[in-house]
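J.: need coordinates for the below:
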Amino acid sequence: MKEYILISGICGNFGKELAAYLHREHKIIGLDRREFSDRPKDIIHFQLDIRRKKIEEIFRKYYIKMVIHLNIIHNPRVGSKEHYEFNLTGTSNLLELSLKYKVPQFIFLSSADIYGPSPDNPLFIPESHQLYGSKNIPILRDLVETDLLVQSYFWKAPSMLTTILRPCHIVGMNISNGIMQYIRSKIVPTVAGFNPMIQIMHIRDLFRAIEMIMKNRERGIFNISGQDQIPLLTLLKEIGITHLPILPLFEKTTFKALFAAGLTSLHPEQVDFLKYPCMVDDSRIRERLSFLPSYKISDIIREIRLATNINRL
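T.: Got it, this is the predicted structure:
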């Protein structure tokens, strides 16, 4: 019987690149409600919503050796109700089917953002730290609860290797996630008087980390980061971005207006990410798997600069 890796959310830029990276050695099934127009012929794709019961037919028909769950809504312009229902219901459906059909391994791509930015954060946040992301940032509530839902399967399904990855900001030429959209916005706002240290990592290093988790059959939670940290304003300067400092007294009203006008991708609730640190301690994955990111921060900045310039042409 052929063994397949099921990638949910395969039609996003991240999903497509991960599928291209893995399908050299593995058979891939993609699951996404979006159309996969440029799909490679050897990748099977089902255009289905992960909340629907119909996806059980995939688990029934194919032997799924692993689920890599990427299909999470992060877009702050999508309504909170849609966010919550899609992320929680969809993830629950995938977990229940994985348990029912005895899928050996389930990997969930979470985010370091769920720890939440705070002046009280330790310099580097360990996996055991409380998830305060939704405390001051309500739009992160469903992401925190989805992470906790997956965690519940550590003891609910001990026979299934369940792994949660919490990477820092992921960047790459073709990526359109939070940090890349922020950098590419018509206006790149910052908060005057604040310059938090941030972590960035190249998408290819994250792919390597996922591959190592797969091969070593690791369970649990892993923070993942790049080689170094960099102050936010230094990053923008190195990329060649002119930012707009907003006085703290006017930050709420200004960010709300910029977001409503479509001039920035940063939701008003996310402003604290421009003020306080949220950096992760990645010693666990380094020690257990000897994982070391290969991309230097200078190489990453060079690629971001190129991607940003191409976007502006």
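J.: so residue 141 touches residue 84, yeah?
T.: Yes - assessed by Cβ atoms under 8 Å, residue 141 is found in contact with residue 84 at 7.3 Å. Backbone N, C-alpha and C define where each C-beta goes, glycine included.
J.: which residues are in contact with both of the two?
T.: Shared contacts of residue 141 and residue 84 (Cβ atoms under 8 Å, 6 or more residues apart in numbering): none.
J.: the stretch 201-313 of the chain: strands as residue ranges?
T.: Remark: strands assigned in the stretch 201-313 of the chain by DSSP state E, counting those that start in this stretch are 220-224, 229-231, 243-246.
J.: in the sheet, which strands lie alongside the longest one, parallel or antiparallel?
T.: Which is strand 220-224. strand 161-167 (parallel) (DSSP bridges).
J.: residues touching the strand it pairs with, excluding its own?
T.: 104-112, 114-115, 127, 147, 150-151, 153-154, 201, 206, 209-210, 213, 217-225, 280.
J.: how close does residue 234 sit to residue 100?
T.: The gap separating residue 234 from residue 100 is 49 Å, by Cβ to Cβ, to the nearest Å.
J.: now swap in residue 212 and tell me
T.: 28 Å.
J.: between the two, which one's more packed in?
T.: residue 212 (16 against 12; other Cβ atoms under 10 Å).
J.: can you list the low-confidence ranges for the stretch 1-150 of the chain?
T.: By pLDDT under 70, the low-scoring segments of the stretch 1-150 of the chain are 1.
J.: run the last query once more with 80
T.: Scanning the stretch 1-150 of the chain for pLDDT under 80 picks out 1, 79-80, 136.
J.: could you do the stretch 201-313 of the chain as well?
T.: In the stretch 201-313 of the chain, residues with pLDDT under 80: 307-313.
J.: give the buried residues for the strand or helix carrying residue 189.
T.: Taking DSSP states H and E as the definition, one finds residue 189 inside strand 188-191. Neighbour-count burial for strand 188-191, counted by 16 or more other Cβ atoms under 10 Å, picks out 188, 189, 190, 191.
J.: counting contacts, what elements does that strand pack onto?
T.: Applying 3 or more Cβ pairs under 8 Å, 6 or more residues apart in numbering; DSSP states H and E, one finds that strand 188-191 contacts helix 232-239, strand 243-246, helix 251-260.
J.: okay, that strand in PDB with CA atoms only?
T.: What follows is strand 188-191, C-alpha atoms only, in PDB (Å, rounded to 0.1, in the frame of the first residue of the first chain):
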ATOM      1  CA  VAL A 188       5.300  50.700   7.300                       C
ATOM      2  CA  PRO A 189       4.400  52.200  10.700                       C
ATOM      3  CA  THR A 190       6.500  51.800  13.900                       C
ATOM      4  CA  VAL A 191       5.900  53.200  17.400                       C
END
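J.: check the average confidence over that strand, would you?
T.: Taken as a whole, strand 188-191 carries a mean pLDDT of 96.
J.: what lines up beside it in the sheet?
T.: Sheet pairing of strand 188-191 (DSSP bridges) gives strand 243-246 (parallel).
J.: helices - which of the contacts of strand 161-167 land there?
T.: Counting by DSSP state H, the contacts of strand 161-167 place 147, 150, 151, 153, 154, 206, 209, 210, 213 in helices.
J.: how many other residues sit next to the first one?
T.: Pointing back at residue 147 there. Neighbour count for residue 147, taken as other Cβ under 10 Å: 22.
J.: just the buried residues of the contacts of strand 161-167.
T.: When the contacts of strand 161-167 are checked for burial by 16+ other Cβ under 10 Å, the buried set is 105-112, 114-115, 127, 147, 150-151, 153-154, 201, 206, 209-210, 213, 218-219, 221-225, 280.
J.: how about residue 132: what's its closest non-neighbour residue?
T.: Closest residue to residue 132 apart from its sequence neighbours, by Cβ to Cβ, 6 or more residues apart in numbering: residue 116 at 3.9 Å.
J.: which residues are in contact with that neighbour?
T.: 131, 132, 133, 134, 135, 136, 137, 140, 272, 278.
J.: got it, and residue 268?
T.: Contacts of residue 268 (Cβ under 8 Å, 6+ apart): 252, 255, 256, 259.
J.: distance of the nearest residue to residue 71 once chain neighbours are set aside from residue 268?
T.: Nearest residue to residue 71, sequence neighbours excluded (Cβ to Cβ, 6+ apart): residue 9, at 3.2 Å. Separation of residue 9 from residue 268 (Cβ to Cβ): 26 Å.
J.: got it, and residue 57?
T.: Applying Cβ to Cβ to residue 57 and residue 268 gives a distance of 42 Å.
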